[in-house]
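# model the structure of this input:
(chains A, B and C)
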Amino acid sequence: MLMELIAILLIGALLASISELIAPALAKWVALLSLLVTLVPLYSIVVLASNIEQGGWIVDESTLWISRFNISLHLALDGLSLLLVLLTIFMGLIAVLSAWREITYRCGFFYFNLLCSLAGVIGVFCALDLFLFFVFWEVMLVPMYLMIAIWGYDNRRYAAIKFFLFTQAGGLIMLLSICALVLLHYQNSGQISFDYHDLMLHQLSEPAAFWVMLGFFIAFVIKLPIVPFHNWLPDAHTQAPTAVSVILAAILLKTGGYGLLRFALPMFPAASAQIAPYVMIIAAVSIIYGAIMAFSQQDLKRLVAYSSISHMGFVLLGCYALTPLAQQGAVLQMLAHGVSTAALFALVGAIQYRYHSRDLAQLGGLWQVIPKLSAMLLFFVIASLGMPGLGNFVAEFLVLVGSFKVNPGATIAATIGLILAAIYSLRIAQQSLFGPLKLGSSLDLDGREILMMLSMALLLIWMGLHPQPLLDLAQQSVNLLPAGAK
Amino acid sequence: MISAEQLLFFSLTLFVIGVFGLLVRRNLLFMLISIEIMLNAVAVLFVAAGSYHHNSDGQIMYLLILTLAASEVAVGLGLVIQMYRRTLSLDVDQLSKMHE
Amino acid sequence: MQDQYMENLLLTVVLLPLFSALVLIFAALFSVRLTKQMVAMLGVGSIAVAACCVFLIKLHFSTVAGASFSHSYANWIEVGDFKVAFGLYLDALSLVMISIITGVGLLIHLYSVGFMQKEPDFQRFFIYLNLFISAMLVLVLADNLLMLFLGWEGVGLCSYLLIGFWHQKTVNNLAANKAFIMTRIGDTGMAIGLLLMFVLLGSLDIQQVQLKASELWPLATESGMSLDLVTICCLLLLAGAVGKSGQLPLHSWLPDAMAGPTPVSALIHAATMVTAGVYLIARFHPLFNLSPLAMTLVAVIGAITLLIAATSALMQNDIKRILAYSTISQIGYMFLALGAGAYSAAVFHLMTHAFFKALLFLAAGALIYSMQHQHNIFRMGGLAKKLPFICGCFLSGCAALAALPLMSGFFSKELILEKLLEQQMYVFWAVAILGAFITALYSFKLFFVVFLGPVQQQPDSKLSSSMLIPLGVLLLLSIFGGIQPQSLIDIFASQHLLETGSIETIEIMMLFAIAVPIIGVITSWILFKKQIFGSAINSAKLRQLHQFLYTGWQVDWLYNKLFTQPFIKIARSNQEDFIDKFYLALMRLSRACHGLVNLLQNGQLRWYSASLVLAMLLAFSLINF
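Presented below is the predicted three-dimensional model:
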């Protein structure tokens, strides 16, 4: 089923790029359609998931790929993966819709890249073979690079290369770690295997485990991103077209958190526990630093990008608190942040589409001319500052509750991030929506945009008021974590 | 019978002559010839090594080198002629346009 | 059967305002045009029904002392041993609170219909207002801390939205931001308190927490004033309370919050939201009882705040700012009462204060409405004859505020003073008396300046009946509302009182306490007659003092210098992100290396072949040696 899921997206990508030859406007419909078609296998997966009582793998399929090195196409899905795959498809739909009007140049190729990237992300979330994981990791990056480099704004080449270099450096470190892991496993058992379960069974000895873990950790932390590896994110977001920002914020960053929960923590429990206190401090620093940086930005997209860094600090904090509570909070934070930040990017994109500016100094008083868009922006701003009743609050609170016992100092520092979040979030609202009107009037949200925004808003409210189904799904995976069981 | 050392020395000498020719001469034609000399030095070494090991691989390699050298000369000379036609000079120092 | 009935009623009370707000939101989002009448019907109607439900609840609620009702409606979050549900908890305290919220809320809603009639954003106003009522009800009815926090932040958000309701003016938005951020600072303290309590006590259920706390930490009186865990918990809760209730040191947002429409000031920044802190401490009184240090601190904060705010109120010109400072000051009284362990007196004062302060604000709103948005009291004067009804409202409101005998405020304030004496907190008592004197002074200064003296500006607008009815009801309430609900005394009855001083001295001191406000009024009258108010100040030192008090003891200036500016400076100085510099340096380094290597690639064929040969030689020599 998972192969079908990925295949549908890849075929859709090809069709989209071909359909451009017939009519450029067709490409977006093809993209939309292929994303909708993926709902069919997804639905059956969700049905399966609801039938499974205990945790474990909902779907597990494997075929041999490169027999010489014992590499297989091993795709499997548990609660955590399912949540993130669902998020991917949902945000993919949102991304297609937000690119609807904006992308006019070489549409076919754009949607080709978009769908390829989504396929790569789903692969990352499902792959249980480390080689396959790495392949998908690259598959999702290259189209992203192209999308930023071709359809971005003025300084797109710089941003695209920066994005590529950072993530590629992380990828390289991860590849080295994978190779080291496989070789060490080979030395011990005399059998080459890239399989997750095989490698997990074999726990490395102390110094080796630490370095291999560090390789994984750095690769994923760059992706999250965490201070001081965060610099690619603001540039990439500022230059990327809206749809790409949406995907980047909503899904791509989550691969980092997913990697930590799936690989770095369970495979190296001892080494992870060893660095956990320091990681929590780094996470707290990241939260505060991101928030202060967000406050000082003039460019709306940059501001949201830095706020993203601050929010992803909570994910890291939650992962390394090593308590089930905090880790579930981290999973929920990934979902909630995915939705809320993507919505903010989509709205900033909508503002930019209307006014060709996202400079806070130039905007102002938008509420007077486009009240619906402004109300939506205000809603998501409030969501991002952690208003109870919305998803972000539940997630952040769970993370904080889970980490408080473990490391009160870092947790209290992270809580201060909530004050700073209020400060920069309100700055967005105050400088763009309120005050005297500086720009002319423009069209308010149309039906398509209202549909997008409303669905995201409702999702956030649902996460905030009834997160239990999501938490139950995440629980299956989090309880499997050996580190969490301690 | 000529000893292997002598053949080795001969081949080395030939090769060094070729290298010096390549480095010293500025005329493209002479450089080409120097390269041919180096190739031949290698070819001799192959044959010598083959006879030393009582193995025919060396001679087979020689044939390969022969064809390679022939085709190389054909292409190289063709290029040289073209270059001379265009620039009326075969001085490599003046011909360096690769840098720009 | 009875329980089911209560369950449904309570749920209706909470959800109705929310539901009407949602209907209005969706109507706005999908461009469904609603007339103002329909909006008003929906907005006011939902609160009216909610108020009726509260009345029914009151009828059915058991009158047995200490009775409570709780019901858990749905699961919210359940992860391992972290369980939080959507549960409501009703006892005498929350009953008083929901009565105030829906009752005063209904009156203010009704008033708003008239007040906001000319406002184009009528619908948005009612959306915010209804959301607020709903959040406030969640706050006071919550049976666990997380839900309380939901309501807590919800009211903060609505307060933010309503302060900045007239968003075209930047000043209003800045005031809104200030309010939100300052309260958020307190809220964050409270959030940390929540975390701490969960970690220590393993639950967030309010009743559970208190039960376990008293088991875990036996009364700490022996250990005296130590900073033990229970004290830390209390202090963190207190941080939240201080932020929301505008107490020192997080009080300076409240005067600025007057930028919002006047009904909002009446509802949120006088009657309900700002008293949430008092509610919180009263709700957690078993916890606070365990920590003498925290109790003392509550009293100290209350005492200092009430003095600072009262003296600041004395010097204000803006009618709404006078009322705002007086609100801070009155909440200071409530904190003082809480700190003395007189919880019922605090909640009683909360109730009467809600009546008379809502009345004052609404009357002030009516005044401003009919004076073409004039806020400065010195531009008004002699309005007693022109606006007799409003004058009456102000007279009774000010009398209640000043605690003149037999007004509603009198009973509650006297109760607080009496309790202070019983607790032998003489210093606090003296402060409270001083505060009472200043209160009488400024409230009647306001009254005299506005309604007596020479006429300065003619009122023009007529007030609609939807504005007059609430004023009338509140007028009656603030005169006759001084009846303390018996159930309140019961719920806090467990609190035993210390040995009281000799009856005689107390009586003498009580008489003195009654006399002080009257002296204050008389002083005010004398000063008014001598035309001291509003006259130019000659002495430079006095002018400085005036300026100092006028700016609310320069707190804004201080915070600006201490926190805001350094923060902005730090943020701005690192606008370019210094970590990026590292990566840029890396880039430059690799560029420089590239330049160096580039030199080698000069296009000279002979250079290439020479380097080839050299490299070969080097390689050979490396292999051989």
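# how close does the residue in the stretch 1-150 of chain A positioned nearest to chain B get to A:Lys28?
The minimum distance from the stretch 1-150 of chain A to chain B, using CB to the nearest CB, falls at A:Ala149 (27.2 Å). Every C-beta, even on glycine, is put in place using the N, C-alpha and C of the backbone. A:Ala149 sits 20 Å away from A:Lys28, going by CB to CB, to the nearest Å.
# residue farthest from the centroid of chain A?
When distances are taken from the C-alpha mean of chain A, A:Gly190 lies farthest, 37.1 Å away, according to CA atoms, centre = their mean.
# about what we covered before: do I have it right that the residue of the stretch 1-150 of chain A closest to chain B meets A:Ala160?
Yes. Using CB atoms under 8 Å, A:Ala149 is in contact with A:Ala160, at 3.7 Å.
# who's more crowded, the two?
Comparing A:Ala149 with A:Ala160 by other CB atoms under 10 Å in any protein chain shown, the one with more neighbours is A:Ala160, at 23 against 18.
# and that one, what helix or strand is that in?
For A:Ala160, the host element (DSSP states H and E) is helix A:156-189.
# A:Arg427 too?
helix A:408-428.
# and A:Asp60, by the same measure?
Going by DSSP H and E, A:Asp60 is part of strand A:59-66.
# ok, now C:Tyr73?
Going by DSSP H and E, C:Tyr73 is in strand C:68-79.
# same question for A:Leu73.
Going by DSSP H and E, A:Leu73 is part of strand A:71-77.
# angle of the very next helix or strand once past that strand against strand A:71-77?
Next helix or strand after strand A:71-77 toward the C-terminus (DSSP H and E): helix A:79-99. If you take axes from the mean of the first three to the mean of the last three CA atoms, to 10 degrees, helix A:79-99 sits at 90 degrees to strand A:71-77.
# and the angle for helix A:79-99 with strand A:59-66?
Using the same axes, to 10 degrees: helix A:79-99 against strand A:59-66 is 80 degrees.
# which residue is nearest the middle of chain C?
C:Val274 (2.5 Å).
# give me every residue that touches that residue.
C:244-246, C:254, C:268, C:327, C:331 (CB atoms under 8 Å, 6 or more residues apart in numbering or on different chains).
# quick check: closest non-adjacent residue to A:Gln333.
In space, and not counting its chain neighbours, A:Gln333 is closest to A:Ala395: 3.6 Å by CB to CB, 6 or more residues apart in numbering or on different chains.
# looking at it, the one you found is touching A:Ala326, isn't it?
No. Between A:Ala395 and A:Ala326 there is no contact under CB under 8 Å: 10.3 Å.
# buried set for stretch B:68-87?
B:69, B:73, B:76, B:80 (16 or more other CB atoms under 10 Å in any protein chain shown).
# where are the low-confidence patches of chain B?
For chain B, the stretches with pLDDT under 70 are B:1, B:96-100.
# show me where it has its helices.
Here chain B has its helices, by DSSP state H, at B:4-24, B:28-52, B:57-87, B:92-95.
# just put these in CSV and tack on distance to chain C.
As requested, those are exported to CSV (distance: least, CB to the nearest CB, whole Å):
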stretch, distance to chain C
helix B:4-24, 5
helix B:28-52, 8
helix B:57-87, 12
helix B:92-95, 5
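# returning to what we had before: got the contact list for the residue of the stretch 1-150 of chain A closest to chain B?
A:Ala149 sits in contact with A:156-157, A:160-161, where contact means CB under 8 Å, 6+ apart.
# now with 7 Å, please.
Contacts for A:Ala149 (CB atoms under 7 Å, 6 or more residues apart in numbering or on different chains) come out as A:156-157, A:160.
# of these, closest to chain C?
A:Arg157 (13.5 Å).
# ok, that closest one to A:Ser245 distance?
Counting by CB to CB, the gap from A:Arg157 to A:Ser245 is 17 Å.
# got it, and B:Leu64?
Distance of B:Leu64 to A:Ser245, computed by CB to CB: 58 Å.
# more neighbours: these two, which one.
A:Ser245 (29 against 12).
# flag the shaky bits of the chain, pLDDT-wise.
You didn't pick a chain, so chain A it is. Filtered on pLDDT under 70, chain A yields the residue ranges A:53-55, A:479-486.
# ah, no, chain C please
C:1-2, C:62-66, C:218-227, C:486-487, C:490-491, C:493-505, C:534, C:536.
# pop the domain breakdown of it in here.
C:2-535, C:578-624 (automatic domain parsing).
# good, wrapping up.
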